[in-house]
Each structure stands twice: as C-alpha cells, then as structure tokens.
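1. dropping a prediction and its sequence here:
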Amino acid sequence: MLDLVPGEQLESHVVGQGISKFRAQQVVDWAYKKKADSFSQFSNLPADFRAHLEENFTLRSFTLKEKITSQMDATVRYSFKTHDGFEVVTVFLPRKNRNSICLSTQVGCPVRCVFCASGKVNFKRNLSRGEILEQILQVEKAENAEIDSILFMGMGEPLLNYDNTVSAIKSLLDPGQFGYGRRNIVLSTAGFVPQIVKLSKENVPVRLALSLHASDETTREKIIKGKIPYFVEDILDAGLEYGRETKSKVTIEYVLIDGINDSEQAAIGLAKLIGRKLIKNDRLQVNIIPYNPTGVELFNAPSAENIRIFKDCLSGGGLLATVRESRGADIGAACGQIFI
C-alpha cells in the first residue's frame, strides 16, 4: 500500500475501482497520519472497498528477524525480512527528549567504502519507497515511541535509489502524511554529483551530508573502492550549491581512520579546500566520525589526541567542527558497522 504514491497515483487507483476520489485522502489519513497496520481499521471506508484493499495490498510487508538492544546506550538494531527474503537493517537511536532512526535504502551497497561493513555486502536491489517508509512505522510501533528525526545513513547509497528515496522524503515532508520538518531529515551521500544537482533543481529540502572522508583524490580512492567518477571538489561544489538553492545547512562527514586520513596535514588540507569554496551566508559543518571497528584488520580508530588535533585544526580554520558520538557499537549498529 505504501508503494502507491499519494496524490494522482492513489487517486487514479481509487477512481478505477468506482469509488469517489475523496476516498483517496481517507486512505492517506489511515495509512500515514494514523499509521494503521490493518485495513479493518479504515472504518470510514465502504466495506467492499476495504475488502478490495485487503485482497490486493498489504500495509506491512516486513517480518521481524531480530531485535538487539545495546547495553551501552540503549540503541536498538532491527533486522527485517522483506517479502522476497532479503534482510533490511534499521537502527533506532533513543535519547532523553528525542528519538532518531537510521534508515536503509538498498539491500547491500555498491559504493564499497572500505571502512564500512555494508560495503562488504553485495548489492542485491533497491528498496521501494514503501519499504523505506515502513521502517519508521515498524520501529515506532515496536518501541511505542514517536520518531523525531530521520537519518538516511543505513545500508545503501540513497542517491543511487534516487526516485524511491525522493518519493519517500516527499511523504515525510508532507503535512498531510508524516509531517516532518526539513531540518529533521538528513540524507547522507558518498557524492553522486548529477543526483545532488537534481535534488537542487527539484527543491527537495533536507539536510544534505556529504561523505567526503578526504580532501584529495589519492586518499579518497584508498577509502572508497566503488567507482564514483566525481572529484572531491566537484562533490563539494554541488553540495554547497544545493545548500544555497534550498537554504539548508550542509554537513561534511569525515570518518577518521588512524594513519590514513587523521593527520594534521589532512585536517589543514580539508580546511583549505572548504575555505576556498565557501561564500557569504553558506552554512556548513564538519562532522568528524572516529572509525568504528568493523573487522577490517588494516584499520584502527584514531587516538583521542589525533581527534582533538584534527578538530582544532578545522576550528582554527574558521569551520564549525563536531565529533560524532558513537552509538550502538556493541551490537554492530554504529556508523560503518551495519552488516547482514
């Protein structure tokens, strides 16, 4: 059901069944705003139309395979089975006054960042828009909690599943559906320039996060093994232009790996690159992510001293720099650890 896009597509289906067009909005109200998980709950729809929906659609396609809760910080890792037998991992990040969710957009990942466990999983297929959205509904019900912010940072490259990801985002932003604010949705990408440009032109307003991890091509190619045919500068240019067009803050994500990209020289290079690109009124933040162990023996987490020096170099260069807190590391749910 969630794969039927509210609006023209859903209305066309409703009218095609000989039902009044206004019933489409009632379907949206039940499926999205009231988050019903059974068609029997659609109490203001005609019984024969409810029967038609029951026979031809499902409101939930996932089955729960595994749920693991971190003993360190209460992060929860969910593993769902899709209708065709694949596994989808979703991470729930509870805090005292705010709950976040980390969504997957693909089964496997074609980008193959060497520090990321997801990169070891061969790409199988894209998730549908409904499967992307269902992760939120499944977790909210299981946790009996509302999700406040959405992070497109799970398994997969969101912009390589562009149409389904953007369709899901539009439902998340729509006040008549999920009703999230633009600042509460973060989309992380390894840097596919044409898709970033397309996001700008289509005015899809979210908080864009660019996973750069290096300021030079040689270092980045050591870290990202998948073919991304775009230079670091071009990715940064596209991201900053997106921020200008949508009036959004842009985040640079930088996974800090001992001996690979954590030197003072690397920090200075990143600060200089960004400094050359920024213009008045640009809003940008660098999010430093200390490497989380994933079983890759060649890599180690940076020392606390190197993290401090790296952050200080960026701050000294006039940039807003933060260090991301690791969550769910004991259950394979931290950044870079999602594996199936």
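-> On my side now, so go ahead.
2. residues in contact with Glu140?
-> Applying Cβ atoms under 8 Å, 6 or more residues apart in numbering to Glu140 gives the contacts Lys35, Glu146, Ile147. Using the backbone N, CA and C atoms, a C-beta is placed for each residue, glycine as well.
3. ok, of those residues, which come out buried?
-> Buried residues within the contacts of Glu140, counting neighbours by 16 or more other Cβ atoms under 10 Å: Ile147.
4. which one of the contacts of Glu140 is nearest Phe299?
-> Set against Phe299, the nearest of the contacts of Glu140 by Cβ to Cβ is Ile147 (31.6 Å).
5. just to revisit the earlier point, what would the contacts of Glu140 look like in CSV with pLDDT?
-> CSV is the format used below for the contacts of Glu140 (pLDDT from 0 to 100):
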residue, pLDDT
Lys35, 97
Glu146, 97
Ile147, 98
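6. using a markdown table, lay out the contacts of Glu140 together with secondary structure.
-> Formatted as a markdown table, the contacts of Glu140 follow (DSSP: H, G, I helix; E, B strand; the rest coil):
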| residue | secondary structure |
| --- | --- |
| Lys35 | coil |
| Glu146 | coil |
| Ile147 | coil |
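7. out of the contacts of Glu140, which one sits closest to Ile309?
-> Nearest to Ile309 among the contacts of Glu140: Ile147, at 36.0 Å, using Cβ to Cβ.
8. was I right to think the closest one contacts Val139?
-> Yes - using Cβ atoms under 8 Å, Ile147 makes contact with Val139 at a distance of 6.9 Å.
9. ok, back up a step: so which of the contacts of Glu140 comes closest to Leu273?
-> Ile147 (34.7 Å).
10. so what's the closest one closest to, chain neighbours aside?
-> Leaving aside its sequence neighbours, Ile147 sits nearest to Ile101 (Cβ to Cβ, 6 or more residues apart in numbering; 4.9 Å).
11. just Val76 next, same as before
-> Using Cβ to Cβ, 6+ apart, the closest residue to Val76 is Phe92 (4.2 Å).
12. mind listing the residues bridging to the one you found?
-> On the basis of DSSP bridges, Phe92 is bridged to Val76, Ile101.
13. before we move on, back to that, what is in contact with Ile147 and Val139 at once?
-> Common contact partners of Ile147 and Val139 (Cβ under 8 Å, 6+ apart): Ile101.
14. can you tell me which of the contacts of Glu140 is nearest Val111?
-> Proximity of those to Val111, judged by Cβ to Cβ, is greatest for Ile147, which lies at 25.5 Å.
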